[in-house]
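*Asks:* just the structure for this:
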Amino acid sequence: MLSVQRKTLVDGVRHASLAFDPVTTSQHEISDEIAKIHADAPAGAPLLDFPPYRSTLLRHPTKELQLVDPEGAELLAPVFGHSDVAPVEADLTVQRGGEPIGERIRVHGRVLDGDGRPVRRQLVEIWQANAAGRYSHQGDQHPAPLDPNFTGVGRCLTDDDGWYSFTSIKPGPYPWRNHHNAWRPAHIHFSLFGTDFTQRLITQMYFPGDQLLALDPIAQSITDPAARSRLIASYDHSRSEHEWLLGYRWDIVLTGSHATYLEPSDD
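*Replies:* Below is the predicted model:
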């Protein structure tokens, strides 16, 4: 659901016209739709066509998966080393030469396979809105201030034990045009690359205690509560720093019954 169709901004902040009126559709109506779907939803994978998330009509995959030979793509595959990703790229608070505005945070965790083994030297990329809930993106024009000292993007490589770590600013919630008075909960987008371009995986991380999560059609399209909870970071006081920042931990499990939900592509 993060991968978007052409001319759209992530999360449907701007999306194509659909056969509904987001001005008159209320949060109460959306929440009722979500509750009815959850009551009838089968156990298993999230629903790709989730009507309360209006633009899934245009954005979810509609064709059967096609098996292809990845060899051609893998001939051009990236090979990431520590010389290719600078440590400063993991600190989103020092990239523009000035102090960004907002609550400083550190998000760290491990990338693991289904057997709990670390996934080493994995390229982890993040992007997010600033503290006011606005992306540094030409498609995001909603009336919230841009921060000239905050790009909202960063990357790092996991270490030999699968650990990653980012220093950033806690993103703010923002409005989107799914329905009247629709707000996305604060979140950070994660992208993970393996050793080639065909292994890109995308997901979102949320923050504990966010009251908007229960109202959000994107998060609620994951109908399994246990799977949904795995997208929520936990507060980690051991990673907080005195008078400086708050720490959060969020592990990413790539496979198995406890896998982190990873978003489908539009292919």
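*Asks:* all strands for the stretch 51-200 of the chain, in order.
*Replies:* Secondary structure of the stretch 51-200 of the chain (DSSP state E, counting those that start in this stretch): strands at 104-112, 123-127, 153-157, 163-169, 174-175, 183-184, 187-193.
*Asks:* quick one: list the elements packing against the longest one.
*Replies:* In terms of contacts (3 or more C-beta pairs under 8 Å, 6 or more residues apart in numbering; DSSP states H and E), strand 104-112 is packed against strand 163-169, strand 246-249, strand 252-253. Heads up, the C-betas are built off the backbone N, CA and C, glycines and all.
*Asks:* now it and strand 123-127, what's the angle there?
*Replies:* 140 degrees (axes from the mean of the first three to the mean of the last three C-alpha atoms, to 10 degrees).
*Asks:* residue ranges in the stretch 101-250 of the chain under the pLDDT threshold?
*Replies:* Residues of the stretch 101-250 of the chain meeting the criterion pLDDT under 70: 194-199.
*Asks:* buried stuff in the helix ranked longest in the chain?
*Replies:* Using DSSP state H to define each element, the chain has its longest helix at helix 27-40. Neighbour-count burial for helix 27-40 flags Ile30, Ser31, Glu33, Ile34, Ile37 (criterion: 16 or more other C-beta atoms under 10 Å).
*Asks:* take the residues you listed and lay them out in a markdown table including pLDDT.
*Replies:* Compiled in a markdown table, the buried residues of helix 27-40 are given as follows (pLDDT from 0 to 100):
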| residue | pLDDT |
| --- | --- |
| Ile30 | 96 |
| Ser31 | 97 |
| Glu33 | 95 |
| Ile34 | 94 |
| Ile37 | 93 |
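*Asks:* from the residues you listed, which single one is nearest Asp140?
*Replies:* Ile30 (22.0 Å; C-beta to C-beta).
*Asks:* ok, now how distant is the closest one from Gly172?
*Replies:* Per C-beta to C-beta, to the nearest Å, Ile30 is found 21 Å from Gly172.
*Asks:* just give the nearest non-adjacent residue to Asp251, would you?
*Replies:* Gly109 (4.4 Å; C-beta to C-beta, 6 or more residues apart in numbering).
*Asks:* quick one on the thing from earlier: what helices or strands is the longest helix of the chain leaning on?
*Replies:* Helix 27-40 packs on helix 217-220, going by 3+ C-beta pairs under 8 Å, 6+ apart.
*Asks:* what packs against the helix it packs on?
*Replies:* Using 3+ C-beta pairs under 8 Å, 6+ apart, helix 217-220 is in contact with helix 27-40, strand 201-206.
*Asks:* recalculate using a threshold of 10 Å.
*Replies:* If you count contacts as 3 or more C-beta pairs under 10 Å, 6 or more residues apart in numbering; DSSP states H and E, helix 217-220 packs onto helix 27-40, strand 183-184, strand 201-206.
*Asks:* lovely, talk soon.
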